[in-house]
Structure formats: C-alpha cells, structure tokens
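*Asks:* Sequence below, structure please.
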Amino acid sequence: MHIQTPEGHAIHVKDMGSGHPVILIHGWPLSGDMWEYQTLALLEAGYRVITYDRRGFGQSGHPAGGYNYDIFADDLAAVIEKVGAPKVSLIGFSMGGGEIARYLSRYGSAKVDRVALVASVVPYILKDDSNPDGVDESVLDQMQAQVREDRFAFLQTFAKSFYGIGLVSKPVSSALLDWTFALAIMASPKATIDCISAFGRTDFRPDLAAFDIPTLVIHGTSDKTVPIDPTGRAAAAGIAGAELIEYEGEPHGLFATAPDRLNGDLLSFLAE
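*Replies:* This is a model prediction of the structure:
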C-alpha cells in the first residue's frame with residue numbers, strides 16, 4: 001500500500017502479520033525489501049512486520065527534494081501513525097538509524113517501545129576536528145561524483161565493499177549481489193546523490209539525549225562503509241543504557257552476511 005505524507009508524497013509500505021509491530025527502516029541505496037531475512041524471522045516469531053521505502057527509493061514517490069532527516073523523520077511519523085498501534089519497535093540499518101534518532105528528538109518516545117541501530121550512521125560519520133575517526137569529506141564528494149558519472153557502475157562496485165567481498169570468510173552469492181543492484185537502481189538518481197550528504201554530513205550527537213528507551217546497537221568490526229568507532233561505539237557510549245554487540249570481522253551488510261546471528265539478537269532484544 002501507499003500512504004501520503006503531509007505534503008502529499010507517496011510512501012510505499014508493506015504491512016505483514018499480527019502481534020507487536022516492528023518497523024524496519026532500510027539503508028542507502030536500497031529499499032525496504034533489503035530486510036528479507038529479518039522479515040521472515042520476525043513473522044515466524046509472531047510479530048507484525050512493517051517495511052517501507054524511504055522517499056526517493058524503491059516504490060515510493062521520487063520528489064525533486066526533501067532529502068534531509070527532519071523530513072525523513074516526519075515520513076517515519078506518518079508510517080507510525082498509519083500503523084495505529086499504541087507502541088512500535090524500530091530497527092534502523094545504516095542511514096535508517098538516522099530516522100530513529102531524529103524521530104525521537106522531534107516526536108519523543110511515547111509511541112516507541114524500543115529501538116535497534118544496526119550498522120548505523122548515528123551519531124556522526126563525517127570527519128572533522130570534533131570527530132577525528134570519521135570519514136573524510138572527500139570520500140563523500142567522490143561518491144557523489146561517481147554516481148553522477150555512472151550510477152550503475154558505482155552501485156555494482158559499492159555492493160562488493162558493502163558485503164565485504166574479499167574480507168569475510170563466507171561472501172554473499174553473485175545472485176544476492178544482483179538482487180542488491182536491482183533494489184539500488186530503483187532509487188531516484190537525485191535521492192541517491194542527496195542522501196549521501198544526508199547520512200554523511202548530518203550530526204546526530206544532539207539527538208542522542210532523546211534515546212530514553214531500551215536501545216540495542218549492533219555493528220561489524222570490519223565495516224568499511226560505516227566505520228564502527230565514530231558510529232556504533234560512539235552511539236553506545238552516548239546513549240544511556242545502550243547495549244553494544246560487536247560482530248567481529250563482519251562488514252556493513254551484515255543483515256545478509258550474518259542473518260542468523262542478527263535475527264537471533266534482534267529477537268532476543270525484542271522479547272526482553
């Protein structure tokens with residue numbers, strides 16, 4: 001189904017099952033379908049599972065602008081409102097963690113039971129004087145330039161690093177790489193470029209105080225896309241009571257490289 005945002009843009013939502021609702025928020029440059037392994041596990045465990053495509057991605061509308069976290073948080077609020085449950089749990093992967101952080105700081109946690117940040121960009125990925133372990137801005141500039149030059153070649157190359165091809169002992173299949181490419185090319189080129197700035201240059205450190213509910217942080221130690229020090233470890237240190245689980249040797253796309261472990265950790269956390 002599609003829901004309408006307050007300004008009239010369409011957000012594509014999949015709402016499956018019954019029980020306590022869990023909203024899965026996808027990463028860049030994919031869509032809600034990236035959660036295939038987790039959706040099956042959650043449904044089989046008796047949860048209601050909601051995925052949605054961020055504006056500009058997948059089957060959602062592709063507006064010319066609005067690719068910033070204040071608007072992304074408003075879109076998430078619209079999805080939560082449509083779910084209609086007293087409480088939801090939120091799981092955000094990569095740039096999807098940013099939606100959670102900004103939603104909590106803009107709307108509070110009254111409708112949220114607990115949250116998980118998986119390989120998330122929270123709290124701040126950009127390297128500067130206050131964040132020496134971050135990613136150099138030239139990397140973001142280069143990514144945007146490569147998308148402009150040949151988005152399709154960039155996405156194929158990016159996926160190999162995303163899943164740690166050549167780094168992990170059990171790499172994903174070539175078919176899964178093809179599936180990842182198929183999801184990624186559905187995105188608007190404008191959204192693909194603009195969201196590099198959104199996830200790469202947004203400072204979520206002021207949002208950390210809004211995490212006043214149980215929070216799980218999961219991150220791979222070999223994540224080359226979103227390095228663990230300025231993100232996962234910093235998030236766990238900055239969020240009161242947060243639990244950090246490090247996946248030794250895992251790359252960014254651990255939802256597919258370590259699905260059984262991730263599913264088990266998420267199910268255990270949701271059941272607490």
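*Asks:* list the contacts for Asp53?
*Replies:* 11-12, 26, 31-32, 59-60 (C-beta atoms under 8 Å, 6 or more residues apart in numbering). C-beta here means a position set from N, CA and C on the backbone, and glycine is covered the same way.
*Asks:* Same check on Asn68?
*Replies:* Neighbour list for Asn68: 198, 202 [criterion: C-beta under 8 Å, 6+ apart].
*Asks:* sorry, back to before: redo the contacts of Asp53 as TSV? Include distance to Tyr69 and pLDDT.
*Replies:* Formatted as TSV, these follow (distance: C-beta to C-beta, whole Å; pLDDT from 0 to 100):
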residue	distance to Tyr69	pLDDT
Ile11	15	96
His12	20	97
His26	15	98
Ser31	18	98
Gly32	18	98
Gln59	22	97
Ser60	16	97
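*Asks:* so where's the chain uncertain?
*Replies:* By pLDDT under 70, the low-scoring segments of the chain are 168-170.
*Asks:* So which residues of it form strands?
*Replies:* Under the criterion DSSP state E, the chain carries strands at the ranges 2-4, 10-16, 21-25, 48-52, 88-93, 112-118, 215-220, 243-247.
*Asks:* Figure out how far the last one is from the centre of its chain.
*Replies:* Strand 243-247 sits 16 Å away from the centroid of its parent chain (C-alpha atoms, centre = their mean, to the nearest Å).
*Asks:* so it versus strand 215-220, what angle?
*Replies:* Relative orientation of strand 243-247 versus strand 215-220 (axes from the mean of the first three to the mean of the last three C-alpha atoms, to 10 degrees): 10 degrees.
*Asks:* Convert strand 243-247 to PDB, retaining C-alpha atoms only.
*Replies:* Provided in PDB are the C-alpha atoms of strand 243-247 (Å, rounded to 0.1, in the frame of the first residue of the first chain):
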ATOM      1  CA  GLU A 243      23.800  -2.300  24.800                       C
ATOM      2  CA  LEU A 244      26.500  -2.800  22.100                       C
ATOM      3  CA  ILE A 245      27.100  -6.100  20.300                       C
ATOM      4  CA  GLU A 246      30.100  -6.100  18.000                       C
ATOM      5  CA  TYR A 247      30.200  -8.600  15.200                       C
END
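*Asks:* Need the contact partners of it.
*Replies:* In contact with strand 243-247 (C-beta under 8 Å, 6+ apart) are residues 215-221, 228, 232-233, 236, 254, 258, 261-262, 265, 269.
*Asks:* Quick check: ChimeraX command selecting the buried ones in those.
*Replies:* Only the buried entries of those go into this ChimeraX selection, using 16 or more other C-beta atoms under 10 Å:
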select :215,216,217,218,219,220,228,232,233,236,254,258,262,265,269
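*Asks:* Let's see the distance spanning stretch 25-41 from one end to the other.
*Replies:* 16 Å (C-alpha to C-alpha, to the nearest Å).
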